[in-house]
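S.K.: based on what follows, work out the 3D shape:
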Amino acid sequence: MTIEQICYVVVTLAIVALTVVLVRTIAQMRSTMAQLEKTMARLEITIPEIERTVVEARGVLDSVGQVAARVDRLTEEFADTGSRFAKASALVVNEVIEPATQIAALVKGVRAGATSLVGTFLKRRGLGRASANEGGNHDE
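M.R.: Numbers count the residues shown, from 1 in each chain. The predicted model follows:
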């Protein structure tokens with residue numbers, strides 16, 4: 001064998017080895033492409049579901065926002081109602097209970113004065129009973 005023949009053999013073996021590597025690479029690429037096609041098919045199915053989920057989530061968030069706005073309005077109304085009740089109760093205390101208390105004190109004072117006046121009048125006329133602190137033996 002000459003060098004030329006050895007070179008042909010080496011080049012032939014290199015081409016065969018390269019061909020084997022290329023065949024394996026192509027087979028691996030086919031497998032990868034098949035997996036990529038499966039993934040793309042899943043994505044084609046999944047993307048519309050994700051879009052529907054996003055739309056539903058937006059709807060839920062909008063509803064929650066509306067509920068929160070309603071709760072805020074109700075809270076304001078309760079606060080306003082509470083303020084009105086506080087003003088009404090202060091009005092009742094200031095305009096009804098305090099004057100009624102003053103009138104009750106006035107009536108009690110008038111009653112005490114009238115009782116004292118009637119007692120003194122009756123005592124002067126000799127019709128009243130002698131009280132324990134007056135002694136009872138004095139002529140007035």
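S.K.: use CA for all of it now, contacts and neighbours both
M.R.: OK.
S.K.: neighbours around Ala79, how many?
M.R.: Neighbour count of Ala79, defined by other C-alpha atoms under 10 Å: 12.
S.K.: likewise for Ile97?
M.R.: Counted with other C-alpha under 10 Å, residues neighbouring Ile97 total 13.
S.K.: Val93 now?
M.R.: Val93 has 13 nearby residues by other C-alpha under 10 Å.
S.K.: measure Ala90 to Leu18 for me?
M.R.: 101 Å (C-alpha to C-alpha, to the nearest Å).
S.K.: could you do Gly65 as well?
M.R.: Distance, Gly65 to Leu18, using C-alpha to C-alpha: 66 Å.
S.K.: in the chain, which spans are helices?
M.R.: Using DSSP state H, the helices of the chain run over residues 3-92, 98-125.
S.K.: the last one versus helix 3-92: what angle between them?
M.R.: Counting by axes from the mean of the first three to the mean of the last three C-alpha atoms, to 10 degrees, helix 98-125 points 20 degrees away from the direction of helix 3-92.
S.K.: state the mean pLDDT of helix 98-125.
M.R.: Helix 98-125 shows a mean pLDDT of 87.
S.K.: likewise for the first one?
M.R.: Mean pLDDT, computed over helix 3-92, is 91.
S.K.: what helices or strands is that helix leaning on?
M.R.: Packing partners of helix 3-92 (3 or more C-alpha pairs under 8 Å, 6 or more residues apart in numbering; DSSP states H and E): none among the helices and strands.
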